[in-house]
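Engineer: based on what follows, work out the 3D shape:
(one chain, ligands or ions: 1)
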Amino acid sequence: MTKLLFIQASPRGEQSKSIQVAQAYLDVLKATNPTLEVDVLPLWGTELPPFDGDKAAAKVNVILGQKQNAVQKVAWEQVVEIASRFINADRYLFAVPMWNGTLPYRLKHYIDIIHQPGLLFGLKPETGYFGLLENKHATLVLTAGAYADSFPSPAFGVDHQSTYLKSWLNQAGVTAIDDLRFQPTILTADPQGALEQAKQAAVDLAKAHARI
Ligand SMILES: Cc1cc2nc3c(=O)[nH]c(=O)nc-3n(C[C@H](O)[C@H](O)[C@H](O)COP(=O)(O)O)c2cc1C
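Structural biologist: As a prediction, the model looks like this:
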C-alpha cells in the first residue's frame, strides 16, 4: 500500500489556490489507486512545538555523537515522533504559496523540526550531506500572486520557493520531484480561467503518476 502525505502550507483552507490544485491532483490519483492511503497535514491547524535551544542542542549532540541529557532526550523524542510521520510516507504532495519570495514560515518551522541527522540526512566531514530517504516521490504545487518564471526578475520577485524546497528535499534524499505551478494567481487577466487550467494540468500529471 502506498502512503501519501499531503502537506498544506497555506493557511487559507478551501480558499487556497495551491490546496485546490493539489486536491484536483489527489482526487485523480486516489481514483486510479484505490489502495492509496492519504494522510493530510494542515500545517496551520497542527500544533508544532517550538524548535528551541533544547532541540537545537539535541540535534548538535546527534551530529557530534554526544550523549543527551534528560531534557534533550525528551526534546529529541518529540522531534523523532513528528519526523516519523514524514519518513513513513512513500509520496509527498505539497501545496505551497510563495510568501515574500519563499515559503510560509509554518512550513519552514516544520522543516526545521523534521530535517534531522540520522532521520532525514547524514553528514560526512569528507563528502558532506547525504540523504537518508529512499524511493520517495514528491509533487509540489506552487502558487504565487505576482511571480512567474516568464516575468522579469527581480521586478516581479525572485523564486526562493521552488529552489529552497527542492534543495531541502534533495538533501533528504528525495530526488524524484515534479512541480505544478499556478503562477501568477493575481497578476493575470483571467484568474478563474487560469485556475481551471492549473487544475487540468494537475489532473494530467496525476494520470501520468498513476502508473508510477
Ligand atoms: C504573506 C504573503 C506574502 C506573499 N508574498 C508573495 C511574493 O513574494 N510573491 C508573490 O508573487 N506573491 C506573494 N503572495 C501572494 C500569494 O503567493 C498568492 O496569493 C498565492 O496564490 C496564495 O496561495 P494560496 O491561495 O494557496 O494561499 C503573498 C501572499 C501573502 C499572504
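
Engineer: span of stretch 9-28 from start to end?
Structural biologist: Counting by CA to CA, to the nearest Å, you get 21 Å between the two ends of stretch 9-28.

Engineer: contacting residues for residue 78?
Structural biologist: Neighbouring residues of residue 78 by CB atoms under 8 Å, 6 or more residues apart in numbering: 49, 55. Using the backbone N, CA and C atoms, a C-beta is placed for each residue, glycine as well.

Engineer: for the helix or strand in which it is found, what is the distance to the chain centroid?
Structural biologist: Residue 78 belongs to helix 70-87 when elements are defined using DSSP states H and E. Centroid separation for helix 70-87 versus its chain: 19 Å, with CA atoms, centre = their mean, to the nearest Å.

Engineer: then stretch 90-98?
Structural biologist: Relative to its chain's centre, stretch 90-98 lies at 4 Å (CA atoms, centre = their mean).

Engineer: in that stretch, what counts as buried?
Structural biologist: Judged by neighbour count using 16 or more other CB atoms under 10 Å, the buried positions of stretch 90-98 are 91-98.

Engineer: do it and the ligand come into contact?
Structural biologist: Yes. Using CB under 6 Å from any ligand atom, stretch 90-98 reaches the ligand at 97-98.

Engineer: now stretch 200-212
Structural biologist: No. Stretch 200-212 lies out of reach of the ligand by CB under 6 Å from any ligand atom, never closer than 13.1 Å.

Engineer: thinking again about what came up before, what's the angle between the next helix-or-strand element following the helix holding residue 78 and helix 70-87?
Structural biologist: As assigned by DSSP H and E, the chain's next helix or strand after helix 70-87 is strand 91-97. Put simply, strand 91-97 runs at 100 degrees to helix 70-87, going by axes from the mean of the first three to the mean of the last three CA atoms, to 10 degrees.

Engineer: which elements pack onto strand 91-97?
Structural biologist: Applying 3 or more CB pairs under 8 Å, 6 or more residues apart in numbering; DSSP states H and E, we find strand 91-97 packed against strand 3-8, helix 17-32, strand 137-143, helix 161-172.

Engineer: circling back to that earlier point, could the buried residues of stretch 90-98 go into TSV alongside distance to residue 120 and pLDDT?
Structural biologist: What follows is those, written out as TSV (distance: CB to CB, whole Å; pLDDT from 0 to 100):
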residue	distance to residue 120	pLDDT
91	16	97
92	12	98
93	18	98
94	15	98
95	21	98
96	18	98
97	24	98
98	24	98
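
Engineer: quick one: which of those is nearest to the ligand?
Structural biologist: Of all the buried residues of stretch 90-98, residue 97 has the smallest distance to the ligand: 3.1 Å, by CB to the nearest ligand atom.

Engineer: dump the residue contacts of that closest one.
Structural biologist: Contacts for residue 97 (CB under 8 Å, 6+ apart) come out as 9-10, 16-18, 104, 142-144.

Engineer: any low-confidence regions in this protein?
Structural biologist: Counting by pLDDT under 70, the chain has low-confidence residues at 211-212.

Engineer: what parts of it come near the ligand?
Structural biologist: Residues of the chain lying near the ligand (CB under 6 Å from any ligand atom): 10, 12, 16-19, 97-101, 143-147, 157, 185-186.

Engineer: buried members of these into PyMOL, please.
Structural biologist: Paste this into PyMOL to select the buried members of these, with burial taken from 16+ other CB under 10 Å:
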select buried, resi 10+16+17+18+19+97+98+99+143+144+145+147+157+185
